[in-house]
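Participant: Here is my input; please provide its structure:
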Amino acid sequence: MSTKVSDHVLARLREWGVEHVFGYPGDGINGLLAAWGRADNQPRFIQSRHEEMSAFQAVGYAKFSGRLGVCAATSGPGAIHLLNGLYDAKLDHVPVLAIVGQTHRTAMGGSYQQEVDLHTLFKDVASDFVETVTVPEQLPNVLDRAIRTAYARRSPTAIIIPGDVQELDYSAPTHEFKMVPSSLDRSSWTAVPSQESLERAAEILNSGDKVAVLVGQGAAGARAEVERVAELLGAGVAKALLGKDVLSDDLPYVTGSIGLLGTRPSYELMRDCDTLLTIGSSFPYTQFLPDFGKARGVQIDIDPHMVGMRYPYEVNLVGDAKATLQRLIPMLDAERGERDWYEAVCDNVRRWRDVMERRAQLSADPINPEHVAHALDPLLPADAIVTSDSGSTANWYARHLTMRPGMRGSLSGTLATMGCGVPYAIGAKFAHPDRPAIALVGDGAMQMNGMAELITAAKYRDLWEDPRLVVAVWNNHDLNQVTWEMRAMEGAPSFLPSQQLPDVQYAAFARSLGLTGIRVEKPEDVEAGWRAALEADGPAVVEFLTDPAVPPIPPHATWEQMEATAESILKGDADRASVVKQGFKAKVQEFLPGREKK
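Facilitator: Numbering: from 1, shown residues only. Predicted structure coming up:
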């Protein structure tokens with residue numbers, strides 16, 4: 001039997017080391033599906049419930065494996081459905097390849113069924129590389145270049161293959177004019193800045209008395225080097241949410257997340273520092289960085305396109321974080337004198353942890369959502385992979401979960417799209433089938449995407465060496481993050497027709513699929529609910545009935561801002577009394593004296 005174009009696509013993916021393709025079938029990729037049958041399902045085709053979920057699963061796989069995530073979809077509607085997940089990859093700088101079908105070449109331009117101008121459709125999201133394969137000889141270069149570009153640019157790329165082209169006999173490009181040969185190898189490389197720029201950066205850092213370090217996901221491979229820099233400079237280290245798992249939160253100088261979802265010590269670190277070193281982060285919210293002119297700044301980033309645009313840095317070091325820090329460390333002053341700044345940072349961290357513990361212990365109706373996350377923290381397995389959906393759960397993920405060495409965690413950092421938590425966790429399970437995955441999800445995101453993807457988890461549970469995939473649902477019948485944004489930013493009460501969610505029995509739905517389902521209705525049962533889910537012999541849903549009136553208070557909130565929010569609530573918010581009460585209780589914890597440590 002002759003080798004078809006579709007056969008060569010799968011063979012080339014295997015040569016690139018691709019083991020999984022996340023997709024959904026359709027007649028636009030029938031040729032590829034037939035090739036999968038001939039190839040004994042190698043690489044393995046992972047069927048989601050929706051193409052958007054396939055793209056999210058590819059993103060989750062890529063984030064937690066460091067390898068290329070691949071998704072596939074049919075022409076027209078299937079290709080369109082991929083877009084949200086691919087934009088998530090684009091904005092979070094994740095290597096993902098989308099393979100999509102197209103109507104036959106003979107029908108193109110004829111307003112045929114499911115015909116969409118896919119090249120135009122993907123031109124923005126896959127701006128680094130998108131191409132349509134029209135003849136077999138074109139294929140190797142297009143596929144190889146799409147993969148190399150996705151890795152090199154850390155971005156989504158796309159190839160479009162019309163249905164009739166998939167079924168053509170494959171023939172390789174020849175040694176002739178206007179043929180483009182290809183090669184498979186992707187050699188590793190490391191970018192480093194110039195010696196002169198390193199010396200200028202060292203001068204700035206050595207002259208600082210109050211140094212703050214901000215790390216993002218670009219620092220993930222430089223854990224030891226970041227720790228050494230912090231120790232040499234007596235610095236505090238804050239983390240952008242995509243960099244939450246870069247450093248252990250057990251380190252005394254790690255202040256935690258930064259921004260609206262961040263911690264008070266991170267806010268204070270940026271407010272009071274005189275020097276800022278940013279490593280592998282493009283954190284966009286300037287108001288949470290030092291005031292302009294107050295701090296000198298140095299940035300390290302591997303992408304010259306992303307440097308120098310968040311803060312007026314004096315030196316922008318373009319290079320790999322690990323290699324750059326290794327060259328910078330010998331230039332840093334190891335004989336620094338006063339450590340008052342370092343001690344103040346550590347004191348702020350200790351006090352904040354005490355505040356978080358007190359907030360988690362506050363009563364609520366029926367369960368304090370902060371208590372749910374706080375109770376999980378000491379129970380997290382040492383090798384846990386944690387995903388968070390967008391919404392109020394991201395606040396509790398950011399503030400209450402302690403990332404320790406070996407743990408991983410991520411969320412949709414830049415697009416902040418809803419509905420990624422469960423498919424991310426499924427992608428993580430295929431990246432690391434021997435590790436437990438935990439998805440933290442609000443009821444809005446669960447209704448949007450999560451419930452359907454429980455079916456995917458049930459379908460593939462037997463492929464995972466460690467079958468644990470815990471989906472935790474904060475069930476408060478409210479699109480809570482948007483509700484609080486309306487109150488705090490718009491000065492408007494909650495608009496129930498848009499914010500109120502129907503009551504869904506998530507645990508019961510899980511049980512209907514043969515999964516473990518646990519419903520927790522009282523605060524005294526929270527820890528037992530977590531333990532039961534983490535000890536289950538397969539995927540589990542643990543549903544917590546939480547109080548929507550507990551506020552995700554920003555770290556910089558003042559009493560005046562709290563009063564302004566309360567005033568807007570009292571204009572007519574349906575839950576106004578309990579909201580004001582819970583907000584006051586939460587905020588006052590910051591002003592109570594710290595507990596004595598034994």
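Participant: could you list every residue that touches residue 106?
Facilitator: Listed by C-beta atoms under 8 Å, 6 or more residues apart in numbering, the contact set of residue 106 reads residue 164. Backbone N, C-alpha and C define where each C-beta goes, glycine included.
Participant: That one - that's part of a helix, no?
Facilitator: Yes. Assigned with DSSP: H, G, I helix; E, B strand; the rest coil, residue 106 falls within a helix.
Participant: residues in contact with residue 219?
Facilitator: Going by C-beta under 8 Å, 6+ apart, residue 219 touches 226, 243, 246, 279-281, 321.
Participant: I'd like to know which of the residues you listed are buried.
Facilitator: 226, 243, 246, 279-281, 321 (16 or more other C-beta atoms under 10 Å).
Participant: quick one on the thing from earlier: mind putting the contacts of residue 219 in a markdown table, pLDDT and secondary structure included?
Facilitator: Formatted as a markdown table, these follow (pLDDT from 0 to 100; DSSP: H, G, I helix; E, B strand; the rest coil):
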| residue | pLDDT | secondary structure |
| --- | --- | --- |
| 226 | 98 | helix |
| 243 | 97 | helix |
| 246 | 97 | coil |
| 279 | 98 | strand |
| 280 | 97 | coil |
| 281 | 96 | coil |
| 321 | 98 | helix |
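Participant: between these, which is closest to residue 447?
Facilitator: Set against residue 447, the nearest of the contacts of residue 219 by C-beta to C-beta is residue 243 (29.8 Å).
Participant: how near is the closest residue to the closest one other than its chain neighbours to residue 222?
Facilitator: Ranked by C-beta to C-beta, 6 or more residues apart in numbering and with sequence neighbours excluded, the top spatial neighbour of residue 243 is residue 216, at 4.1 Å. Distance, residue 216 to residue 222, using C-beta to C-beta, to the nearest Å: 11 Å.
Participant: From residue 52, how far out is the most centrally placed residue in the chain?
Facilitator: When C-alpha atoms, centre = their mean is applied to the chain, the residue found nearest the centroid is residue 411 (2.6 Å). Shown here: residue 411 relative to residue 52, a distance of 16 Å by C-beta to C-beta.
Participant: quick one on the thing from earlier: now do the shared contacts for residue 216 and residue 222.
Facilitator: What both residue 216 and residue 222 touch, as defined by C-beta under 8 Å, 6+ apart, is the set 279-280.
Participant: The closest residue to residue 48 other than its chain neighbours: which element?
Facilitator: Of all residues not flanking residue 48 in the chain, residue 54 sits nearest, at 4.4 Å (C-beta to C-beta, 6+ apart). According to DSSP states H and E, residue 54 maps onto helix 51-65.
Participant: Pull that helix out as CSV, backbone CA atoms only.
Facilitator: Extracted in CSV, the C-alpha atoms of helix 51-65 (Å, rounded to 0.1, in the frame of the first residue of the first chain):
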residue,chain,number,x,y,z
GLU,A,51,-12.4,21.2,20.1
GLU,A,52,-11.8,24.1,22.5
MET,A,53,-11.1,21.5,25.2
SER,A,54,-8.6,19.8,22.8
ALA,A,55,-6.7,23.0,22.5
PHE,A,56,-6.7,23.6,26.3
GLN,A,57,-5.5,20.1,26.8
ALA,A,58,-2.7,20.7,24.4
VAL,A,59,-1.8,23.9,26.3
GLY,A,60,-1.9,22.1,29.6
TYR,A,61,0.2,19.2,28.2
ALA,A,62,2.8,21.7,26.9
LYS,A,63,2.9,23.8,30.1
PHE,A,64,3.6,20.8,32.3
SER,A,65,5.8,18.8,30.0
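Participant: Surely residue 202 is in a strand?
Facilitator: No. Counting by three-state DSSP, residue 202 falls outside a strand, being helix.
Participant: Run through the strands of the stretch 351-500 of the chain in chain order.
Facilitator: Secondary structure of the stretch 351-500 of the chain by DSSP state E, counting those that start in this stretch: the strands cover 385-388, 408-411, 437-442, 469-475.
Participant: Between the ones you listed, which one is closest to residue 314.
Facilitator: Nearest of those (C-beta to C-beta): strand 408-411, 31.1 Å.
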